[in-house]
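*Asks:* Below is the sequence, then the predicted model.
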Amino acid sequence: MAKVLLINGSPHTNGCTAAALKEMIRVFEQEGLETELIQVGKEDIRGCVSCGICEKKGKCVFDDAVNRIAPKFEEADGLVVGSPVYYGSPNGTLLSFLDRLFYSTSFSKTMKVGAAVVSCRRGGNTASFDVLNKYFTISGMPVASSTYWNQVHGFTADDVAKDLEGLQTMRNLARSMSFMIRAFADAKEKYGLPEMERGSFTSFPDGK
C-alpha cells in the first residue's frame, strides 16, 4: 500500500496547520493510501552545522527527530510538509529539521511526491510556500498542486474550519497527490526511474 508521511511543523498539536493536514488525511484514507502524521514543531531540533559527518556515517551527527524520521521518509511514497507562518517564513524549528533531513539522507528521493502546506492569519503565506517547495525541487521530487495555493487562513483551528476554500484546496491537493503517487508507481513498473546525472559539481575552487 502506498504511504504518505505528513510533517506538522507547528508547535500546536490541534492548531491551524493540523486542521489543514487532517483534511488531507481524510481524503488520503478515502483514496486507500496509508498515512502517518508526525509533529516536529515542539521538538528540540538544532540547525545544521555543516560538519559533513553524515557523509561518512549515513545519518546526522545530532541524534534527534531527524534520524528517527529519516527511515519513515525513505519508505514513504509522498511527503507533505505543513507549517505556520512566522514573520513571513516557515517555523524555524521545521526549517532546521528539513535542512538536516534532506542533507543527511543519501537515499534517492526521485519521484517521491512532495507537497507544502502553510497556515497563516493573513499574510506571509506564499513566501513560506515558496521556501518549503525548494526542498522538493532540489531533490528530484515532483511537487503536487491544487486549485489554489496550498494554504489555509485563520488564527485558530475554528477559524480554519470557516475557510471553506482553503479546506477545499487541501482536499483537492490530497486527490492530486494520490493520483500522482499511483501514476508514478505504474510508470516505475513500466519504465523504471529516470536516470539522474551526478558527475558535475560547480564550485570554482580555482577562483576563476
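*Replies:* Sure thing, it's come through.
*Asks:* Now the longest helix that the chain contains: buried residues?
*Replies:* Counting residues, the longest helix found in the chain (DSSP state H) is helix 164-191. Residues of helix 164-191 classed as buried: 166-167, 169-178, 180-182, 184 (neighbour count, 16 or more other C-beta atoms under 10 Å). For every residue, glycine as well, the C-beta is placed using N, CA and C.
*Asks:* what's the answer for stretch 43-55, then?
*Replies:* Buried residues in stretch 43-55 (16+ other C-beta under 10 Å): Glu43, Ile45, Cys48, Cys54.
*Asks:* what mean pLDDT would you report for the strand or helix carrying the last one?
*Replies:* Going back to what we said before, that points to Cys54. Using DSSP states H and E, Cys54 sits within helix 53-57. Rounded to a whole number, the mean pLDDT of helix 53-57 is 94.
*Asks:* So in the protein, where's the weakest helix or strand by average pLDDT?
*Replies:* Sorted by mean pLDDT, DSSP states H and E, the helices and strands of the chain end with helix 53-57, the least confident at a mean of 94.
*Asks:* need the next SSE after it, C-terminal direction.
*Replies:* Assigned by DSSP H and E, the successor of helix 53-57 is helix 65-75.
*Asks:* Pull the residues that contact that next one.
*Replies:* The set of residues external to helix 65-75 that reach it, using C-beta atoms under 8 Å, 6 or more residues apart in numbering, is 3, 5, 7, 36, 38, 40, 43, 45, 59-60, 79, 97, 100-101, 104-105, 107.
*Asks:* Ok, stretch 183-191 next?
*Replies:* Taking C-beta under 8 Å, 6+ apart as the rule, stretch 183-191 contacts Ala2, Asp77, Met111, Val113, Pro142.
*Asks:* same check, this time on stretch 52-64
*Replies:* With C-beta under 8 Å, 6+ apart as the criterion, stretch 52-64 contacts 43-46, 51, 66-67, 70, 100, 103-106.
*Asks:* let's see 6 Å
*Replies:* With contact meaning C-beta atoms under 6 Å, 6 or more residues apart in numbering, stretch 52-64 is reached by Ile45, Cys51, Val66, Asn67, Arg100, Ser104.
*Asks:* Including distance to Arg198, could the residues you listed go into CSV?
*Replies:* As requested, these are exported to CSV (distance: C-beta to C-beta, whole Å):
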residue, distance to Arg198
Ile45, 28
Cys51, 22
Val66, 23
Asn67, 24
Arg100, 21
Ser104, 17
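*Asks:* what's the farthest-apart pair in the residues you listed?
*Replies:* Ile45 and Cys51 (15.8 Å; C-beta to C-beta).
*Asks:* Run through the residues that contact the closest residue to Gly154 other than its chain neighbours.
*Replies:* Sequence neighbours aside, Val160 is the residue nearest to Gly154 in space, at 4.0 Å (criterion: C-beta to C-beta, 6 or more residues apart in numbering). Residues near Val160 by C-beta under 6 Å, 6+ apart: Cys16, Ala19, Val152, Gly154.
*Asks:* Pretty sure the first one sits against His153.
*Replies:* No. With contact defined as C-beta atoms under 6 Å, Cys16 and His153 do not form a contacting pair (8.3 Å).
*Asks:* Who has more neighbours out of the two?
*Replies:* Using other C-beta atoms under 10 Å as the criterion, Cys16 and His153 rank with Cys16 on top: 28 against 18.
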